[in-house]
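>>> using only what follows, build the 3D model:
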Amino acid sequence: MRAMQDAEQIVADYLAELLTPAMRPATKAPAAEVTVVAFQPGRNAPAPVPVRDAACRYLLCVAAGVKLAVPMADVTHVIPMPPLSPPNSSNPICLGRWRHPGGEARVADLAAILSPDLSGSPVTTLVILRDRTWALACVVDEESVELLPDAIQWRLGATTRPWLAGMSPEPKCGVVDTTALIEWLEKELGP
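Now for the predicted structure:
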């Protein structure tokens, strides 16, 4: 038990250090331009540009002791972990596929996304994202929370973990950019 707590603390410290900005910008980042993209069947629909001017609700997902906030606007369903079809990949991130009435969702291990060494951490919940083609396996044991954008330390121009948009000090958690996460998963695991 002590070894697990030590491992969780190491991961939490690592993420906190990764998210600590070298220099906090004095001004807000300029608003991103919106680009209209045609929907392509079989691909994810374009996501709205993250809103950093208004408070948003986030679902707190826990993986290997690390807490991540996923925007509720991008969460379609939250269900107890169902049985999965075997994965089509040997990548530890891919746990398999879950068939639902509208099709099939590829299930990614949120702990393995953080680090492949953390794969296989206990999961109890399936968080289905957007158009139900991707889902995250993790633990969700809290209600959604409201995070104020001014309280989040946003990452700008990150080259590592591009899906990690920033860090919230209270509750202490990483903030996920769902669009970037889905793009990263598709590059990592293929379409």
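>>> hey, let's count contacts and neighbours off CA atoms from now on
Will do.
>>> Val107: neighbouring residues, count only.
Number of residues near Val107 (other Cα atoms under 10 Å) recorded here: 23.
>>> can I get the helix or strand where it lies in PDB? Just the C-alpha atoms.
Assigned by DSSP states H and E, Val107 falls within strand 103-109. Only the C-alpha atoms of strand 103-109 are listed here, as PDB (Å, rounded to 0.1, in the frame of the first residue of the first chain):
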ATOM      1  CA  GLY A 103     -22.000   2.100 -32.900                       C
ATOM      2  CA  GLU A 104     -18.700   1.400 -31.200                       C
ATOM      3  CA  ALA A 105     -16.300   3.400 -29.000                       C
ATOM      4  CA  ARG A 106     -12.600   2.800 -28.700                       C
ATOM      5  CA  VAL A 107     -11.700   2.700 -25.000                       C
ATOM      6  CA  ALA A 108      -8.400   4.400 -23.900                       C
ATOM      7  CA  ASP A 109      -6.900   3.800 -20.400                       C
END
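>>> direction included, what does that strand pair against?
Looking at strand 103-109 with DSSP bridges, its partner strands are strand 94-100 (antiparallel), strand 134-138 (parallel).
>>> which residues outside that strand are in contact with it?
Contacts of strand 103-109 with the rest of the structure, by Cα atoms under 8 Å, 6 or more residues apart in numbering, involve 92-99, 119-120, 128, 132-138.
>>> picking up where we left off before, which stretch among the strands paired with strand 103-109 comes nearest Val70?
Across the strands paired with strand 103-109, Val70 has its closest neighbour in strand 134-138 (10.3 Å, Cα to Cα).
>>> give me the buried entries from the contacts of strand 103-109.
92-98, 119-120, 128, 132-138 (16 or more other Cα atoms under 10 Å).
>>> mind listing what the residue lying closest to Ala105 once chain neighbours are set aside touches?
In space, and not counting its chain neighbours, Ala105 is closest to Thr133: 4.1 Å by Cα to Cα, 6 or more residues apart in numbering. Neighbouring residues of Thr133 by Cα under 8 Å, 6+ apart: 44, 103-106.
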